[in-house]
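Visitor: Next one to model:
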Amino acid sequence: MKNVRNALIGLYFNLFIVIFTLVFWVRWLIDLNNSSWLKWLLVFALTVSEIFNIVFAGINAVNSFILLKNGDYTSMRKNMKALKFGVIPYFVINFIIYVLLFLLFFAASRGLFIFTPIPLLLLIPVFFAYLTVIFTASYGIGFSLILYKEKRIKTGKLVLHILLQLCFVLDVIDTIVLLAKNKVVKTNI
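Guide: Below you'll find the model as predicted:
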């Protein structure tokens, strides 16, 4: 659970830095006499927080593999539940921020910004958000593999659960289904 907690703290810290950076840049656009060292400090903090998130993602992926290998199914279930449900507010806030930015740029340019490189810049956070979905899927995929090894689900359902774990919103729905249908996992290994 420590790895999951650290990953969630890292994600929310990153979100805080993103919001703080956006607020600062809006302030900087209003008052162009602001010091530039703070801008660079925010860019540095944003970069470091993204690197930490990638490290925590790797740690959690390795941890889910170790839990699967060791047969610690209860910990796998708890980590899956904590991580998937813990990132819901992160994704909601993240989605709202970037939709508002898109609408702001769209309205301010009367739609012409679509023909500029700015929409490509808005895809960078979407890329990092999808990486977050992938790393949170490691526990769900591991849990599905446990169910498959115990012959509680067939190959088709295993593939379906893996695919659902890799999709926005559907991953949370799939986690709810997995948790509801498999409250207690008995090990045969």
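Visitor: what helices or strands is the longest helix along the chain leaning on?
Guide: What stands out as the longest helix in the chain, according to DSSP state H, is helix 36-70. Counting contacts by 3 or more C-beta pairs under 8 Å, 6 or more residues apart in numbering; DSSP states H and E, helix 36-70 packs against helix 2-30, helix 73-86, helix 118-149. Bear in mind the C-beta positions are built from the backbone N, C-alpha and C, glycine included.
Visitor: What degree of burial does Leu38 show, as a neighbour count?
Guide: By other C-beta atoms under 10 Å, 12 other residues sit near Leu38.
Visitor: One more: the one 5 residues further on?
Guide: Residue crowding around Val43 was assessed by other C-beta under 10 Å; the count is 12.
Visitor: dump the residue contacts of it.
Guide: Taking C-beta atoms under 8 Å, 6 or more residues apart in numbering, we find Val43 in contact with Thr21.
Visitor: What distance do you get for it to Leu112?
Guide: Applying C-beta to C-beta, to the nearest Å, the value for Val43 to Leu112 is 27 Å.
Visitor: Against Ile124, how distant is the residue nearest to Thr116 when sequence neighbours are not counted?
Guide: Nearest residue to Thr116, sequence neighbours excluded (C-beta to C-beta, 6 or more residues apart in numbering): Ser109, at 7.7 Å. Using C-beta to C-beta, we find Ser109 at a distance of 19 Å from Ile124.
Visitor: got it, and Gly58?
Guide: Counting by C-beta to C-beta, the separation of Gly58 from Ile124 is 20 Å.
Visitor: swap in Trp37?
Guide: Distance, Trp37 to Ile124, by C-beta to C-beta: 24 Å.
Visitor: Minimum distance to Ile176: which of the helices and strands packed on helix 36-70 has it?
Guide: Of all the helices and strands packed on helix 36-70, it is helix 73-86 that lies closest to Ile176, at 8.6 Å by C-beta to C-beta.
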